[in-house]
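Student: Structure here, sequence nowhere to be found:
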């Protein structure tokens, strides 16, 4: 009897345990069925749109004088006086040096006297020729005598012309004793002093004058960039229309913008074999004399206008393991896709995209680390201004009093 009761208790407790286990399993299933689905990642995106963009290139350049005149004497002589201030602005035809004019004035007087003597002798020679001409008609003189008189007349006339030229030469040499300015500009230091001996067309200039308004800016451009620009124009990715295309802006050595625009004058056709570049010459107004010859500047040269440019924030671009630039976009179904891009250049805080994106594409800018290609995502507009305002900063608060 006791054995029967023990067996009954075992069976009853086994049923209770099974019931409890079934209840626990059902409760676990209910909890799994009621657990919420994982949230969809939230990303910020921008919608790509075509826009008109003027492309420019910033190139280094150096200034050079618009015109340079090296002053050299055209006659030999002693410098009597220097008539200018070194480093000053001079005007065309202004006298710079005075060479001793005494020998040249004497040469002029001598030539004038010889001319007067020849002119005084001419009437007698002409009258003698006229008489022999009449006598020849009457057969009173020989043909030889007549020819001699005719030659003497021509010689007297030629002698007059010779001395006229000598007088003019002497006058020119006398004028050359006043060394004048051929161009307006700024003159440098003088290489000769009062009392110095100078010779005509000597190799060392007496002084140098440079015209600085306007002034040249020579900008080297690599042939690689030149060929790339040519291909863009041929592919109609760039257009060059209007006179503004030739305008050039300058940035000075201290980083400030030069207030006057320059004009692109020409592009050289000869490539420098040492640098692989051609020279662009820009003419720039310089009324205030800010630009000096040899100064380093940066020239912003306009390449052309891209009527269908695509710009995206730089933070939207990453790179694959091979180093190729990529971006993540969201398609119409809300799925993530990866696009390989071709980047042209950086413009401010954006990339100019040559290929890989089309107008209307939504490019992910924030939250790229939370999604993968093929996954779904919730899109919110990207607001760069909002992001800048949300950056953490130090807020000053008044200090409280101790209790």
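Tutor: Nice, I can see it. From a predicted model like this one, the values you see are computed outputs, not experimental measurements. Numbering: from 1, shown residues only.
Student: Where is the longest helix in the protein?
Tutor: Criterion DSSP state H: the longest helix present in the chain is helix 102-137.
Student: tell me which residues in that helix are buried?
Tutor: Buried residues in helix 102-137, counted by 16 or more other C-beta atoms under 10 Å: 103-104, 107-108, 111-112, 114-115, 118, 125, 129, 132, 136. To be clear about C-beta, it is placed using only N, CA and C from the backbone, and glycine gets the same treatment.
Student: Go through those residues and name the one nearest residue 213.
Tutor: Distance to residue 213, by C-beta to C-beta, is smallest for residue 104 among these, at 35.8 Å.
Student: Can you give me the neighbour number for the closest residue to the closest one other than its chain neighbours?
Tutor: In space, and not counting its chain neighbours, residue 104 is closest to residue 174: 4.3 Å by C-beta to C-beta, 6 or more residues apart in numbering. Residue 174 is flanked by 19 other residues according to other C-beta atoms under 10 Å.
Student: mind putting the buried residues of helix 102-137 in CSV, pLDDT and distance to residue 368 included?
Tutor: CSV is the format used below for the buried residues of helix 102-137 (pLDDT from 0 to 100; distance: C-beta to C-beta, whole Å):
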residue, pLDDT, distance to residue 368
103, 94, 90
104, 95, 87
107, 95, 91
108, 95, 91
111, 95, 94
112, 95, 96
114, 93, 99
115, 93, 97
118, 90, 102
125, 87, 109
129, 84, 111
132, 78, 116
136, 78, 117
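Student: how about these in JSON lines, adding distance to residue 298?
Tutor: Putting the buried residues of helix 102-137 into JSON lines (distance: C-beta to C-beta, whole Å) gives the following:
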{"residue": "103", "distance to residue 298": "55"}
{"residue": "104", "distance to residue 298": "52"}
{"residue": "107", "distance to residue 298": "57"}
{"residue": "108", "distance to residue 298": "56"}
{"residue": "111", "distance to residue 298": "60"}
{"residue": "112", "distance to residue 298": "62"}
{"residue": "114", "distance to residue 298": "65"}
{"residue": "115", "distance to residue 298": "64"}
{"residue": "118", "distance to residue 298": "68"}
{"residue": "125", "distance to residue 298": "76"}
{"residue": "129", "distance to residue 298": "79"}
{"residue": "132", "distance to residue 298": "85"}
{"residue": "136", "distance to residue 298": "87"}
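Student: quick check: domain ranges of the protein?
Tutor: 45-52+310-387, 54-65+212-306, 73-98+178-204, 101-176 (automatic domain parsing).
Student: and the spatially most central residue of the chain, what helix or strand is that in?
Tutor: By C-alpha atoms, centre = their mean, the chain has its centre lying nearest to residue 299, at 3.0 Å. Assigned by DSSP states H and E, residue 299 falls within strand 296-309.
Student: so for the one helix or strand residue 81 maps to, what's the average pLDDT?
Tutor: For residue 81, the enclosing helix or strand under DSSP H and E is strand 77-82. If you average the pLDDT over strand 77-82, you get 94.
Student: swap in stretch 208-220?
Tutor: Per-region confidence: stretch 208-220 scores 92 on mean pLDDT.
Student: rewinding a little: quick check: the residue nearest to residue 104 is in a helix.
Tutor: Yes. Assigned with DSSP: H, G, I helix; E, B strand; the rest coil, residue 174 falls within a helix.
Student: which residues in the stretch 251-400 of the chain form strands?
Tutor: 262-267, 277-284, 296-309, 311-313, 318-319, 325-330, 336-340, 342-347, 350-355, 362-366, 377-381 (DSSP state E, counting those that start in this stretch).
Student: how far out from the middle of the chain is the shortest one?
Tutor: It stands for strand 318-319. What separates the centre of strand 318-319 from the centre of its chain is 33 Å, taken as C-alpha atoms, centre = their mean, to the nearest Å.
Student: Same check on the fourth one?
Tutor: For strand 311-313, the distance from its own C-alpha centre to the chain's C-alpha centre is 26 Å (C-alpha atoms, centre = their mean).
Student: Which positions in it come out as buried?
Tutor: With the criterion 16+ other C-beta under 10 Å, strand 311-313 contains buried residues 311-313.
Student: Could you spell out the sheet neighbours of it, each with its direction?
Tutor: strand 350-355 (antiparallel) (DSSP bridges).
Student: Let me see the ranges of the helices in the chain.
Tutor: Counting by DSSP H, the chain has these helices, from start to end: 2-34, 102-137, 143-176, 223-234, 384-389.
Student: Just the pLDDT for residue 181.
Tutor: Residue 181 carries a pLDDT value of 91.
Student: Oh, that last question was meant for residue 282, not what I typed.
Tutor: In the predicted model, residue 282 carries a pLDDT score of 90.
Student: re the thing from before, for the strand holding residue 299, buried residues please.
Tutor: Judged by neighbour count (16+ other C-beta under 10 Å), strand 296-309 contains these buried residues: 297-306, 309.
Student: re the thing from before, adding distance to residue 333 and pLDDT, write the buried residues of strand 311-313 out as a markdown table.
Tutor: Supplementary listing: the buried residues of strand 311-313 in a markdown table, determined by distance: C-beta to C-beta, whole Å; pLDDT from 0 to 100:
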| residue | distance to residue 333 | pLDDT |
| --- | --- | --- |
| 311 | 26 | 89 |
| 312 | 22 | 88 |
| 313 | 24 | 90 |
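Student: Just name the closest of these to residue 168, please.
Tutor: The closest of the buried residues of strand 311-313 to residue 168 turns out to be residue 311 (C-beta to C-beta; 71.8 Å).
Student: which non-adjacent residue is nearest residue 205?
Tutor: Take residue 205 and drop its neighbours on the chain: the residue closest to it by C-beta to C-beta, 6+ apart is residue 70, 3.8 Å away.
Student: How confident was the prediction at the one you found?
Tutor: Confidence at residue 70, expressed as pLDDT, is 93.
Student: okay, now it: neighbour count?
Tutor: Other residues near residue 70 number 12, with proximity taken as other C-beta under 10 Å.
Student: Please apply the same query to the one 3 residues further on.
Tutor: By other C-beta under 10 Å, 21 other residues sit near residue 73.
Student: And for residue 216?
Tutor: When counting by other C-beta under 10 Å, one arrives at 22 neighbours for residue 216.
Student: Tell me where the stretch 101-250 of the chain is predicted with low confidence.
Tutor: 232-245 (pLDDT under 70).
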